[in-house]
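Undergrad: Kindly return the folded structure for what I paste below:
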Amino acid sequence: MRPTKMSLAVSVLLGTTAASLASAGTVEFLEAPVPRTDAEKRAILTSEYAVLDGVRIPMPYRTILRSGDSGTNDPAGGVFGQLIDINGNPLLAEDGSSFISSDNDFSSLLPGEQDIVYMVSHFESRPGGLYLTEMRQNPLNGILTAERTRPLDLSDANGGWVHCAGSVTPWGTHLGSEEYEPDAKQWRDGTISEYNAAMASYFNASPSDAATVMNPYDYGYVVEVEVDSFENATVRKQYAMGRVALELGYVMPDRKTVYLSDDGTNVALYRFVASTPGNLGAGTLWGAQWKAVGPQQGMGSAKLNWINLGYATAEQVKEWIASYRFEDIFDEVEPDEGSGSCPDGFTSINAGHEDGDHQCLKLRDVNQDGVIGWDDELIASRLETRRWGAMQGMTTEFRKMEGITFDADHNRLYLAMSEVDRGMLDFGRVGRDGVYDKYDIGGPNHIALPSGNVCGAVYALDLDSNYTAWNIWGLVQGTPMTADYGASVDSPDYDGINKCDVEGIANPDNITYVANYDTLIIGEDTGSGHQNDMVWAYNLTSRELTRIQTTPYGSETTSPYLSNINGFAYLMSVIQHPYGESDGDKLEDPADARGYTGYFVFPL
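TA: Numbers count the residues shown, from 1 in each chain. This next block holds a predicted model:
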């Protein structure tokens, strides 16, 4: 294991503000090993220690709760990850037991009074789960102990959906997400997928009744949680921000500009600008347009143009959700079978999220006032955000857009792209011969890279003084070991297990920036790329990656996020669904499949 040095201001790494680089120190992480044995691949391996300004700080991974746990002082018996129905009753598994999700995801830390710290946690399920946990912070070492936990009630919004990544707002609220919004066309056509129909259980109905008990426009939004106490927490969906396969929203320091990432295939990047700082209930939504710069190679680079999708309020959108369906918003016809073109009056787009989808759409007189105008456009912009944005010229060609984080040191965003493939290529697929028009036909083909990388990449976006991203360029990418992952030929070092080099990233997912450390923390969500998902520290100056954690078989690393509370800095690290994404045959004890919600702690 090699130590890696990085120049930084130690106080700032851990969440404070340094006056100048004169106070910079050094940090060294003893690199976590690559798991090689079966025992190592079942374990959580971490850096043994970090050295901050010459002081060695141990780095054990500390678990707060695993799915199925309760707090240490919880007379009500709250069970972490137990999913509930619209009446607040436990959902039941096939054997009659309570259904407990192991899909732990983003967890925020929010300071309370004195030594109380609150945690709001996601469970990435259908129905989704949000949990509030009250913890005690040890004032001597910062260790957090869960006292009690409970599910948050989303019944006023007809439940929560696939809560994925998140962030904490500058005003101290939890900002969550709803990923992979259900396709409203399925309700029109009577072809609701098994994935979407699973939400019917929230309404105590069977999947076959999904068409009657579910409204697809209820899901796909930013979810904000304000915590006053364990007993008093307010949950609100921020409908004005649009409806997409939301990975997360991230608020800029101006307290009104928010970047939204859209997960899946043929998806988009969005920017929301609130009309009032600190209030996300009304504002203008924008969609990014990729304008390629120079010869495209590698990860590609572009200027960004922003398409205005209009101003709306949460109250308006709630009314629209109750009033309109897909067939009220769009007329649709099939593209010409020969030419692939759309008839006059219809706009040709190719947009996901499930996969590339060439569509011919025309906006209807949605509110039936006899005129097709701006109000109809606004309804489309919030209920069918990706489709309407594509119709206005927004780029819908990104593949597996994931985490976002902000770097105030360079006034820059970082954006994880789990794969550089499909719509991002020029009528192609990584590792496959021939023409793949599924992802580009019918669309503008803004992103036309000649080759891709299934190991994925992290992009940088430079911002202007108003926090508007004006360009995008590749920062760091994984190293494919096989041709089907993006290598020119299979590498002689390919071990037959890890299709991406274990000395580099594979399928980056959630990320967080360490202020004034010049350091980016990168988590992975990978299957064949790495058998064991990893968390990395990437130094932006040296461009050196240091592995700081690996996770058990079949896990996903989620929720890397930094918080500074009462003199201690916390790097959150959540281990989702062990043995659940791959290597399920290696599970020996069902208890080992429970997710972990935990952290690393550093004294300031």
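Undergrad: Would you agree Arg66 is in contact with Phe80?
TA: Yes. Look at Arg66 against Phe80 with C-beta atoms under 8 Å: they come within range, at 7.3 Å. (Glycine included, C-beta is placed from N, CA and C.)
Undergrad: what ranges do the helices span in the protein?
TA: 10-13, 38-42, 185-189, 194-197, 210-213, 314-323, 326-329, 374-383, 385-391 (DSSP state H).
Undergrad: For the spatially most central residue of the chain, give me its contacts.
TA: Centrality entry for the chain: nearest residue to the mean C-alpha point is Glu247, 3.0 Å, by C-alpha atoms, centre = their mean. With contacts defined as C-beta atoms under 8 Å, 6 or more residues apart in numbering, Glu247 is in contact with 164-165, 177, 179, 261-263, 401-404.
Undergrad: can the residues you listed go into a markdown table with extra columns for distance to Val435?
TA: Shown next, in a markdown table, are the contacts of Glu247 (distance: C-beta to C-beta, whole Å):
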| residue | distance to Val435 |
| --- | --- |
| Cys164 | 33 |
| Ala165 | 34 |
| Ser177 | 35 |
| Glu179 | 31 |
| Ser261 | 29 |
| Asp262 | 26 |
| Asp263 | 26 |
| Met401 | 24 |
| Glu402 | 28 |
| Gly403 | 32 |
| Ile404 | 33 |
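Undergrad: Where does the prediction get shaky in the stretch 301-450 of the chain?
TA: By pLDDT under 70, the stretch 301-450 of the chain has no low-scoring segment.
Undergrad: what's the span of stretch 177-185, first residue to last?
TA: 22 Å (C-alpha to C-alpha, to the nearest Å).
Undergrad: so Gly456 makes contact with Gln477?
TA: Yes. Using C-beta under 8 Å, Gly456 is in contact with Gln477, at 6.8 Å.
Undergrad: and for those two, which residues touch both?
TA: Common neighbours of Gly456 and Gln477 (C-beta under 8 Å, 6+ apart) are 420, 505.
Undergrad: out of the two, which sits in the more crowded spot?
TA: Gly456 (33 against 22; other C-beta atoms under 10 Å).
Undergrad: re earlier: comparing Arg66 and Phe80, which residue is more hemmed in?
TA: Phe80 (28 against 19).
Undergrad: so who does that one touch?
TA: 65-70, 121, 131, 133, 146, 149, 597.
Undergrad: Just the pLDDT for it.
TA: We note a pLDDT of 97 for Phe80 in this prediction.
Undergrad: Look up how far Asp69 lies from it.
TA: According to C-beta to C-beta, to the nearest Å, Phe80 and Asp69 sit 5 Å apart.
Undergrad: go on, Tyr259?
TA: 34 Å.
Undergrad: Likewise for Gly474?
TA: Counting by C-beta to C-beta, the gap from Gly474 to Asp69 is 41 Å.
Undergrad: When these two are compared, which one has more neighbours?
TA: Between Gly474 and Asp69, Asp69 has the larger neighbour count (other C-beta under 10 Å), namely 21 against 18.
Undergrad: For that one, give me its contacts.
TA: Asp69 touches 79-80, 146, 149, counting by C-beta under 8 Å, 6+ apart.
Undergrad: Tell me the one of the residues you listed nearest Ala210?
TA: Nearest to Ala210 out of the contacts of Asp69 is Val79 (C-beta to C-beta; 26.4 Å).
Undergrad: Does that closest one touch Ser98 like I think?
TA: Yes. Taking contacts as C-beta under 8 Å, Val79 lies within contact range of Ser98: 6.9 Å.
Undergrad: quick one: which of those two has more around it?
TA: Val79 (21 against 15).
Undergrad: And the strands in the stretch 501-604 of the chain, which stretches?
TA: 508-514, 519-524, 534-539, 545-550, 556-565, 568-576, 596-603 (DSSP state E, counting those that start in this stretch).
Undergrad: Is it possible to get a markdown table of those that adds mean pLDDT, distance to Glu334 and mean neighbour count?
TA: As requested, the strands of the stretch 501-604 of the chain are exported to a markdown table (pLDDT from 0 to 100; distance: least, C-beta to C-beta, whole Å; neighbours: other C-beta atoms under 10 Å):
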| stretch | mean pLDDT | distance to Glu334 | mean neighbour count |
| --- | --- | --- | --- |
| strand 508-514 | 96 | 36 | 26 |
| strand 519-524 | 96 | 39 | 26 |
| strand 534-539 | 96 | 44 | 24 |
| strand 545-550 | 98 | 47 | 24 |
| strand 556-565 | 95 | 37 | 25 |
| strand 568-576 | 96 | 39 | 25 |
| strand 596-603 | 96 | 46 | 22 |
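Undergrad: The ones you listed: which one's closest to Pro60?
TA: The nearest among the strands of the stretch 501-604 of the chain, by C-beta to C-beta, is strand 596-603 at 7.8 Å.
Undergrad: list the helices and strands that closest one packs on?
TA: strand 62-66, strand 104-111, strand 568-576 (3 or more C-beta pairs under 8 Å, 6 or more residues apart in numbering; DSSP states H and E).
Undergrad: would you turn the contacts of Asp69 into JSON lines with distance to Asp115?
TA: Below are the contacts of Asp69 laid out as JSON lines (distance: C-beta to C-beta, whole Å):
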{"residue": "Val79", "distance to Asp115": "24"}
{"residue": "Phe80", "distance to Asp115": "21"}
{"residue": "Ala146", "distance to Asp115": "13"}
{"residue": "Thr149", "distance to Asp115": "17"}
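Undergrad: As TSV, the helices and strands packed on strand 596-603 with distance to Leu545 would be great.
TA: Formatted as TSV, those follow (distance: least, C-beta to C-beta, whole Å):
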stretch	distance to Leu545
strand 62-66	24
strand 104-111	23
strand 568-576	16
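Undergrad: quick one, which of these is nearest to Leu45?
TA: Nearest of the helices and strands packed on strand 596-603 (C-beta to C-beta): strand 568-576, 11.7 Å.
Undergrad: Point out the other helices and strands that the closest one packs with.
TA: Against strand 568-576 (3+ C-beta pairs under 8 Å, 6+ apart) you get strand 104-111, strand 556-565, strand 596-603.
Undergrad: now the angle from the last one to strand 62-66?
TA: Taking axes from the mean of the first three to the mean of the last three C-alpha atoms, to 10 degrees, one finds that strand 596-603 is oriented at 150 degrees with respect to strand 62-66.
Undergrad: I'd like to check the angle between strand 596-603 and strand 545-550, please.
TA: Using the same axes, to 10 degrees: strand 596-603 against strand 545-550 is 130 degrees.
Undergrad: Pull strand 596-603 out as PDB, backbone CA atoms only.
TA: Output of strand 596-603 as PDB, limited to C-alpha atoms (Å, rounded to 0.1, in the frame of the first residue of the first chain):
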ATOM      1  CA  TYR A 596     -24.500  -0.300   5.400                       C
ATOM      2  CA  THR A 597     -24.900   3.400   6.200                       C
ATOM      3  CA  GLY A 598     -21.600   4.700   7.600                       C
ATOM      4  CA  TYR A 599     -18.800   7.300   7.600                       C
ATOM      5  CA  PHE A 600     -15.200   8.300   8.200                       C
ATOM      6  CA  VAL A 601     -14.600  10.900  10.900                       C
ATOM      7  CA  PHE A 602     -11.700  13.400  11.100                       C
ATOM      8  CA  PRO A 603     -11.100  15.800  14.000                       C
END
